[in-house]
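J.: Build the 3D model from these lines:
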Amino acid sequence: MRKSISAPSAVPDLLAGRAVRSSTVLWVSTVVSVVLYGAAAVALGNPPDGAADGQAVADWFVANSGHVRVWAWLLTLFAPVLATVASLIRARLPAPYRDVYFFGAIAFIVETAIQSWIWAGLSWHADQLQPATARVLLDVASFWGPVLNGATITMLAPVVLLALRGKLPRWLGILLAVALIEQLVETVTIYGQSGFTAPGGPMNIDLGAGLVAIALTALGITLALRPPVLACNQPPQVRP
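T.: From the prediction side, this is the model:
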């Protein structure tokens, strides 16, 4: 008897159900990640900048140690949510673009975790902080901004290339390209000393973070409306 290859009628329904659930999780996770990141920024308030001396930095941590702990806690919750978003976005991108994007997302999470534990450590025994120590450690943590540009560029670049190839909506490609160009320019903060272009200054924390947040939020919500590219790669079933 000949064998024919066919997919049971239940398989398309099962795949469709999985796609709907995956899209819902991506949409919700994207929104939650934005809320957590924004709440963390609000909790931290206005930290000392590069122009503040060591004593001012130490005094700030004494007065705001509780705020720093809340900020670090919110970023701790943010990490698994962003990992979920990144994994689901990866499933909706073709290779090798998805792997480059995912590499950048992993770097983003790791670098943010390192920054948060330095800040949290400074807040733990804030009343014992020596001014010079406080200034040096804050300087180390502040370079999270310039160095993070590498991670965000790695996340944005492959998606912009996909948009240029017509695989994503044109408006999304333009938005992502604007954020990507800004991130490329923002790498100059590695050489910054004070003011707008200082490491961890307004160019990093306000302009750059805002544009990247908008771009990645738009990407997550847009891709939530598209099925994962791997969803239809199920092997056919053989029956007599």
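
J.: what residue ranges in the chain are flagged as low confidence?
T.: For the chain, the stretches with pLDDT under 70 are 1-20, 227-240.

J.: where along it do the strands fall?
T.: 4-6, 237-239 (DSSP state E).

J.: Buried residues, the helix ranked longest in the chain. List them.
T.: In the chain, taking DSSP state H as the definition, the longest helix is helix 54-90. Across helix 54-90, burial judged by 16 or more other C-beta atoms under 10 Å covers 54, 57-61, 64-65, 67-68, 71-72, 74-76, 78-79, 81-86, 88-90. Every C-beta, even on glycine, is put in place using the N, C-alpha and C of the backbone.

J.: Compute the distance between Val188 and Leu207, please.
T.: 12 Å (C-beta to C-beta, to the nearest Å).

J.: for Gly50, what are its contacts?
T.: For Gly50, the contacting residues are Asp139, Ser142, Gly192, Gln193, Ser194, Ala198, Pro199, Gly200, Gly201, by C-beta atoms under 8 Å, 6 or more residues apart in numbering.

J.: Tabulate those residues (a markdown table), appending distance to Phe102.
T.: Formatted as a markdown table, the contacts of Gly50 follow (distance: C-beta to C-beta, whole Å):
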| residue | distance to Phe102 |
| --- | --- |
| Asp139 | 31 |
| Ser142 | 27 |
| Gly192 | 30 |
| Gln193 | 35 |
| Ser194 | 36 |
| Ala198 | 31 |
| Pro199 | 27 |
| Gly200 | 26 |
| Gly201 | 29 |
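
J.: Reformat these as JSON lines; add neighbour count and distance to Ala218.
T.: JSON lines is the format used below for the contacts of Gly50 (neighbours: other C-beta atoms under 10 Å; distance: C-beta to C-beta, whole Å):
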{"residue": "Asp139", "neighbour count": "13", "distance to Ala218": "33"}
{"residue": "Ser142", "neighbour count": "24", "distance to Ala218": "28"}
{"residue": "Gly192", "neighbour count": "20", "distance to Ala218": "28"}
{"residue": "Gln193", "neighbour count": "11", "distance to Ala218": "34"}
{"residue": "Ser194", "neighbour count": "11", "distance to Ala218": "33"}
{"residue": "Ala198", "neighbour count": "20", "distance to Ala218": "28"}
{"residue": "Pro199", "neighbour count": "23", "distance to Ala218": "27"}
{"residue": "Gly200", "neighbour count": "22", "distance to Ala218": "25"}
{"residue": "Gly201", "neighbour count": "23", "distance to Ala218": "25"}
